[in-house]
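Undergrad: Quick one, structure for this:
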Amino acid sequence: MMMLKNTLISSILLLSLTGCGGGGSSANDEQNSTPDVVSAVTYSGIFLDSAVEGLAYSTPSQTGKTDADGTFLFQTDENITFAIGDIQLPAVKAELLLTPLNIFNTDEVNDIEVVNLLRLLQSLDIDGDATNNIQIPDDAHELASGLSVDFSSADFEQQVSNLIASSEGVYQALISADEAIYYFQQTLSALGNSDNSNCAQSHEKVGYSGYFETFHHNVAGKATIIDDCTIEISQFSYDGGGPDVYFFAAKDHNYKSASAFPVGNRLNGQVFDNANFTIKLPINKSLDDLTGLSVWCIDFSADFGHMEFTP
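TA: Numbering: from 1, shown residues only. From the prediction side, this is the model:
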């Protein structure tokens with residue numbers, strides 16, 4: 001995730017300074033130019049859930065598909081429309097950075113239209129791993145020919161079920177809303193936090209810690225609350241044997257509850273032996289939302305080992 005964060009921030013800083021056709025002009029150029037004619041300048045923007053590749057777009061001057069970095073082209077004061085086949089998203093003003101929040105004109109990550117768009121994009125991803133960016137397959141556009149969907153509808157999942165099941169991606173059905181929101185929050189956190197030092201140390205739980213109790217897969221180690229949004233994992237061991245495994249946070253070890261949530265990146269296939277690292281809370285969560293952590297397997301609702309934060 002650190003690599004993704006650095007790439008995103010570097011790309012946006014670069015975009016804020018450059019256009020794809022702009023350039024400096026000398027005094028001679030200005031003297032010889034025709035005042036009534038203004039050359040159009042083409043800019044490049046980025047569409048992010050994670051970076052989305054293969055999303056069709058059109059403006060009055062540009063058409064194409066986003067590249068591996070989520071890049072699209074536009075000119076000043078243009079509106080842009082994104083689409084997957086005939087699934088057309090609402091037109092918005094083209095900017096250097098656009099996300100599903102912009103598409104539906106909201107700041108609310110849990111907005112149903114935003115969530116359903118996140119679910120669709122991530123479910124169509126060819127390899128099913130949003131942490132390495134999202135690639136929309138070409139056949140998704142063909143399969144969505146003649147398809148119109150309502151992102152606010154309660155039966156949205158049924159509207160796109162055939163599309164997901166028939167596309168080249170690894171998923172056969174829409175991923176859950178919680179999983180889609182989680183990955184998008186990692187992107188937002190990467191954009192909004194350049195390091196781990198942006199959080200205050202005002203919460204009463206700062207300094208609380210505890211040791212993992214071992215249940216399966218040799219889970220062991222310690223977790224310590226460093227500041228209001230950062231948890232240090234130390235002396236951590238895990239044999240990497242479980243599928244779809246995360247650190248999960250919850251109150252009173254109720255990791256099956258709707259209020260439980262993942263913290264940090266997926267642990268799939270990674271082996272840890274006395275490792276030390278930090279994880280950050282999602283942007284809409286606080287230390288009030290947890291009393292402990294579990295190394296939790298989503299597929300089987302299995303607790304591989306958990307700990308309780310105590311003074």
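Undergrad: worst-scoring helix or strand of the chain, pLDDT-wise?
TA: Sorting the helices and strands of the chain by mean pLDDT, DSSP states H and E puts helix 27-32 at the bottom, at a mean of 40.
Undergrad: Run through the helices of the protein in chain order.
TA: Using DSSP state H, the helices of the chain run over 2-15, 27-32, 100-103, 112-124, 138-143, 156-159, 161-166, 177-192.
Undergrad: Go through those and find the least confident stretch.
TA: Least confident of these, judged by mean pLDDT, is helix 27-32 with a mean of 40.
Undergrad: For the residue nearest to Ile126 when sequence neighbours are not counted, which residues are in contact?
TA: Counting by CB to CB, 6 or more residues apart in numbering, Ile126 lies nearest to Gln135, which is 4.6 Å off, once chain neighbours are set aside. Just so you know, the C-beta spots here come from the backbone N, C-alpha and C atoms, and that holds for glycine as well. Residues in contact with Gln135 (CB atoms under 8 Å, 6 or more residues apart in numbering) are Glu53, Gly54, Ala68, Asp125, Ile126, Asp127.
Undergrad: and the residue positioned nearest the centre of the chain, how far is that from Ser44?
TA: Nearest residue to the geometric centre of the chain (CA atoms, centre = their mean): Phe184, 2.5 Å. Per CB to CB, to the nearest Å, Phe184 is found 22 Å from Ser44.
Undergrad: Tyr171: which of the contacts of Gln135 is nearest?
TA: Among the contacts of Gln135, Asp125 lies closest to Tyr171 (CB to CB), at 7.7 Å.
Undergrad: Ile136 is in contact with the closest one, correct?
TA: Yes - taking CB atoms under 8 Å as the definition, Asp125 is a contact partner of Ile136 at 7.4 Å.
Undergrad: per-residue confidence at Ile283?
TA: We have a pLDDT of 65 for Ile283.
Undergrad: Output the below-cut-off pLDDT ranges for the stretch 201-311 of the chain.
TA: Residue ranges of the stretch 201-311 of the chain with pLDDT under 70: 283.
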